[in-house]
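S.K.: Sequence first, then the predicted structure, then my questions.
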Amino acid sequence: MRPSSRSAAAIIALASTRALSVDAFATANVDKKYSSLASRTDPARAGRHHHHHHHHRRRGSIFDNSKNRSSSSLRSAIGEATAGTTPPSSPSPSPSSSAPPSWEELSNTLRDATTTTSSSSSSSIEPTEPLVTLYRDTNGWCPFCERVWIILRAKGIPYDEQLISLQNKPEWYKALVPTTLVPAVLFHGETGEEGDGGDGEGGDSSEGKKKKNERRIVWESDDIIRALEEEFPNTPEMLRDTPEYDAAVKMNDDLTSAGFRFIYAGRNDTLSEVDRSERRDAFLSELDRLDAALKVQQQQQQQHLETTSASSDGGGGMHFRLGADFTAADAIMIPALERWRIQLPLAVEVDILEGRPALTKWFEAVDSYAPYSERVMGDEYSWTATNSMFLRIFGGGEDEPEVAAAIRRADDAAARLTESFAAKAAEEREGDDDDDDVDVGTRKKFSTEAAYKLVSNREAVIADCTREDPKSQRHLGRASDVHAADVALRIVVGVLLSEGDPIARARESTLPDMENAKDGASAARTVAARLCVPRDMGAPAASILRAVLAIVADRLEGKMP
């Protein structure tokens, strides 16, 4: 298959925005705990490009355990994070009691919650042994890491993670990977059970015997993806050796190249207004070409469905790049397009979806594709909040009127989104499946993920939201009362771990009395505004957490009963 060009440098430059001023949640731990679980939720059918990366200073994180280690089990992760606590002996804590649960009680309840989720969910929280380790950037913004990350989840391959600081790479990683770049994947040398229908082929069919392969490290995202295809042939195929696939990859190269030239034209003082206008037109033309290609694909897909009477319930109605199945062609498109959809209207007043219905349908498909949307996808707030930093660093400077106006648009949009956290989460809940049992179980999984983040990183979170001299996002208010911040966050975790819908519980539960409730509310709002997706957690978990934080803050301030 044709190697893709390095025109994806445009994606890399855009990707740097995810390092963001929201340095609150650059996790070094929770993703490794959830990775093996997440890689097996909804395994389905991800990208290629030569690897490159953009250095950016790693910013401090309030949701950072600072322990770069791996684990294949969420329950073992909680055991590590809450070591020394007493075994659970009481039901879930209720935020309606006279005082919020202690961190010890919350830790115990969290441990119980993972056990309950494991026994009631089709996705086991106690995963099978990881078969690979993914080495990716700590901040979660490298587009090439993103593609490999999506593919691992799409193929349902159990994996661990090691997060690598691009600014301060550990010596062991430099020794392990000759290029010292990310991503890299370590194949553990076992591909499953022989004779059980797993990834192993042939050989002894005796039960429980592992197929042993070479333990090896692979770098460069193209090579990693090909190696994953070869090593795990019984997982959904991502690459296609077809003219249609090659054409789709080439079209994406052309689009990202045109996008790069247009977006960064403002940094080139030698360009005339005519030159800049031509670059804008070229970019819009490439977007139109993509939309036209998607339209043809979608029409052909619809004709096939009508001919075969296929049911969209089986996935036939999903409009991915090459049809009903997610492929690597989609994965290579995602990093640039997910950023552009949210950031370009703010940065350069270009809406890539305007007048492009086929591209809109493609977004609907990938947004509903669980291997991507539940953990890898960035959310609207995070991309919006990063935009002003992106413009300040790469946009040419605030002294330029157009850049200054774009920065104001981004800051204003982020402020509006913070005011709608609770309403947005409620809309997402109403848009869920009609099956209430499924919805409750799904929300429980995500609220548990959010609770784990707060419990295991509580000291760093409290320290950050009460800092007298914050290192970034100085415009956000900080609490001055550490105890009030502690109490407010314990209330939030108690809500997240309570039975039933956490958003409804946040609104309806009787909150405990607390001194300096105003500072507690300030702390909750700061944490909500500094959470970054997907760096810190998946978008569904972040949506629930932000909503609960916002509702609790409103109630502490007396804005809600």
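M.R.: Yes, it's here.
S.K.: per-residue pLDDT, residue 407?
M.R.: pLDDT for residue 407: 86.
S.K.: How about the contacts made by it?
M.R.: 388, 391-392, 395, 398 (Cβ atoms under 8 Å, 6 or more residues apart in numbering). To be clear about C-beta, it is placed using only N, CA and C from the backbone, and glycine gets the same treatment.
S.K.: 10 Å instead, please
M.R.: Going by Cβ atoms under 10 Å, 6 or more residues apart in numbering, residue 407 touches 346-347, 387-392, 395, 398.
S.K.: a markdown table please, covering the residues you listed and showing secondary structure.
M.R.: As requested, the contacts of residue 407 are exported to a markdown table (DSSP: H, G, I helix; E, B strand; the rest coil):
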| residue | secondary structure |
| --- | --- |
| 346 | helix |
| 347 | helix |
| 387 | helix |
| 388 | helix |
| 389 | helix |
| 390 | helix |
| 391 | helix |
| 392 | helix |
| 395 | coil |
| 398 | coil |
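S.K.: What is the nearest of the residues you listed to residue 447?
M.R.: Of all the contacts of residue 407, residue 387 has the smallest distance to residue 447: 28.3 Å, by Cβ to Cβ.
S.K.: Verify the stated contact: that closest one with residue 378.
M.R.: No. Counting by Cβ atoms under 10 Å, no contact exists between residue 387 and residue 378, whose distance comes to 11.6 Å.
S.K.: neighbour-wise, which of these two wins?
M.R.: The neighbour count for residue 387 versus residue 378, taken as other Cβ atoms under 10 Å, is higher for residue 387 (27 against 24).
S.K.: which residues does that one contact?
M.R.: 17, 20, 339, 342-347, 395, 406-407, 409-411, 413-414.
S.K.: Do a quick rundown of the strands in this protein.
M.R.: 132-137, 159-164, 184-187, 190-193, 210-212, 216-219 (DSSP state E).
S.K.: okay, those strands in a markdown table with mean neighbour count and mean pLDDT next?
M.R.: Formatted as a markdown table, these follow (neighbours: other Cβ atoms under 10 Å; pLDDT from 0 to 100):
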| stretch | mean neighbour count | mean pLDDT |
| --- | --- | --- |
| strand 132-137 | 23 | 96 |
| strand 159-164 | 25 | 94 |
| strand 184-187 | 23 | 97 |
| strand 190-193 | 19 | 53 |
| strand 210-212 | 15 | 52 |
| strand 216-219 | 16 | 95 |
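S.K.: So what's the residue count around residue 227?
M.R.: Neighbours of residue 227 (other Cβ under 10 Å): 16.
S.K.: cool, residue 157 as well?
M.R.: 24.
S.K.: That one contacts residue 231, doesn't it?
M.R.: Yes. With contact defined as Cβ under 10 Å, residue 157 counts as touching residue 231 (8.6 Å).
S.K.: re the thing from before, mind checking which of the contacts of residue 387 are in helices?
M.R.: 339, 342-347, 406-407, 409-411, 413-414 (DSSP state H).
S.K.: And the buried ones among the contacts of residue 407, selectable in ChimeraX?
M.R.: To isolate the buried ones among the contacts of residue 407 in ChimeraX, judged by 16 or more other Cβ atoms under 10 Å, type:
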select :346,347,387,388,389,390,391,392,395
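S.K.: Just the closest of the contacts of residue 407 to residue 147, please.
M.R.: residue 390 (20.7 Å).
S.K.: now that closest one: how far from residue 333?
M.R.: Residue 390 sits 20 Å away from residue 333, going by Cβ to Cβ, to the nearest Å.
S.K.: Flag the shaky bits of the stretch 1-150 of the chain, pLDDT-wise.
M.R.: 1-98, 115-127 (pLDDT under 70).
S.K.: and with 50 instead?
M.R.: Across the stretch 1-150 of the chain, the ranges flagged by pLDDT under 50 are 1-60, 65-91, 96, 117-126.
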